[in-house]
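Participant: Structural data only, the sequence is not supplied:
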C-alpha cells in the first residue's frame, strides 16, 4: 500500500531552518523529520512512498535516493506554489490501488496504522482523517461562581478535535480535488457535506513541528530516548 507525503511547502514559520533546507529535512536527533515519519510507516510494513516535492525538493531527492530505510520512493515534483490538495491531485497517475495513505511531512505520532486502515475500511467512506486533542497555547484558569480563582491548569489538552494528518483515502478523493485545491478547505468541506469523511480519534502522542520550540521539544525527547513515535 502506498503512502503519499506532502513535502513541498515553504515552512515559513520555521524560517530559522527553511531559508536553507526544506522543512521535511529539519533534523530530529541526527535524522530529518521526514526519515522518522517514513520509519513509522515502514515499521508497520508500509514500504512504498510517493513524495510530493516542491520548495527545495532537490535536497530531499538527493538525501533519500539511496535511503537506509529499505523502502521504495517515487519522487514527484508537484510545483513550488501548489496547495495541499493540488499536490495530491497531481500524483493521481502514480496511485496503483483503490486505497492509499497520505500525510504531512511535519508531524509525528504514536499511531497504529493498521488500526487506522481498519477504521477506514469499516467506515466505508472516501476519506479518514486522524483527529487529535491539541494542547492549549495558554494556561487555563478555573473560576467559581464568586469569581474566586480555584485552579490553574498549565496548558491542558483542549476538548476540541483538530486535523492531525495521517489520512487514508479511497480513489474517490480525486473527484473532490483540482490542481489548485487546498485540501483542508473545499475538498474536506464537500466530503463532510456528503458525509464521506470519518474521524479516527488518536489519544496517544502527537506533535506537529511548526515552530522552533516544537523542534526543540522533539529533539529533547529523542535525546532522552523517549520518542513515542518509535515503534517498540
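Facilitator: Yep, that arrived. All figures in this text were calculated on a predicted structure; none of them were measured in a lab.
Participant: burial measure for the nearest residue in space to residue 55 that is not next to it in sequence, as a count.
Facilitator: The shortest distance from residue 55 to any non-neighbouring residue, by Cβ to Cβ, 6 or more residues apart in numbering, is to residue 10 (4.7 Å). Using the backbone N, CA and C atoms, a C-beta is placed for each residue, glycine as well. Look at residue 10: counted by other Cβ atoms under 10 Å, it has 15 neighbours.
Participant: Can you tell me the SS state at residue 10?
Facilitator: Assigned with DSSP: H, G, I helix; E, B strand; the rest coil, residue 10 falls in the coil class.
Participant: Look up the pLDDT of it for me, please.
Facilitator: On pLDDT, residue 10 comes in at 85.
Participant: now swap in the one 10 residues further on and tell me
Facilitator: According to the prediction, residue 20 has pLDDT 90.
Participant: any weak-confidence spans in the chain?
Facilitator: Low-confidence segments of the chain (pLDDT under 70): 156-157, 232.
Participant: what sits against the residue nearest to residue 55?
Facilitator: 18, 23, 54-55 (Cβ atoms under 8 Å, 6 or more residues apart in numbering).
Participant: what does residue 92 give?
Facilitator: residue 174.
Participant: hmm, 10 Å instead?
Facilitator: Residue 92 makes contacts with 171, 173-174, 177, as judged by Cβ atoms under 10 Å, 6 or more residues apart in numbering.
Participant: repeat for residue 192
Facilitator: Counting by Cβ under 10 Å, 6+ apart, residue 192 has contacts 127, 129.
Participant: same question, the one 10 residues further on
Facilitator: The contact partners of residue 202, by Cβ under 10 Å, 6+ apart, come to 109-112, 115-116, 130-133, 161, 164, 166.
Participant: Return the set of residues that bridge with the residue most central in space within the chain.
Facilitator: Centroid-nearest residue in the chain: residue 104, 3.2 Å away (criterion: Cα atoms, centre = their mean). Assessed by DSSP bridges, residue 104 has beta-bridge partners residue 6.
Participant: Hmm, it is touching residue 6, no?
Facilitator: Yes: the criterion here is Cβ atoms under 10 Å, and residue 104 meets it with residue 6 at 5.3 Å.
Participant: What's the local residue count around residue 206?
Facilitator: Residue 206, neighbours per other Cβ under 10 Å, totals 23.
Participant: Dihedrals phi and psi, it?
Facilitator: phi -150, psi 140 (degrees, to the nearest 10).
Participant: isn't it right up against residue 200?
Facilitator: No: if you go by Cβ under 10 Å, residue 206 and residue 200 don't touch, sitting 11.6 Å apart.
Participant: Which residues are in contact with each of these two?
Facilitator: Common neighbours of residue 206 and residue 200 (Cβ under 10 Å, 6+ apart) are 111, 130-132, 164, 166.
Participant: Now compare these and name the two farthest from each other.
Facilitator: 111 and 131 (11.6 Å; Cβ to Cβ).
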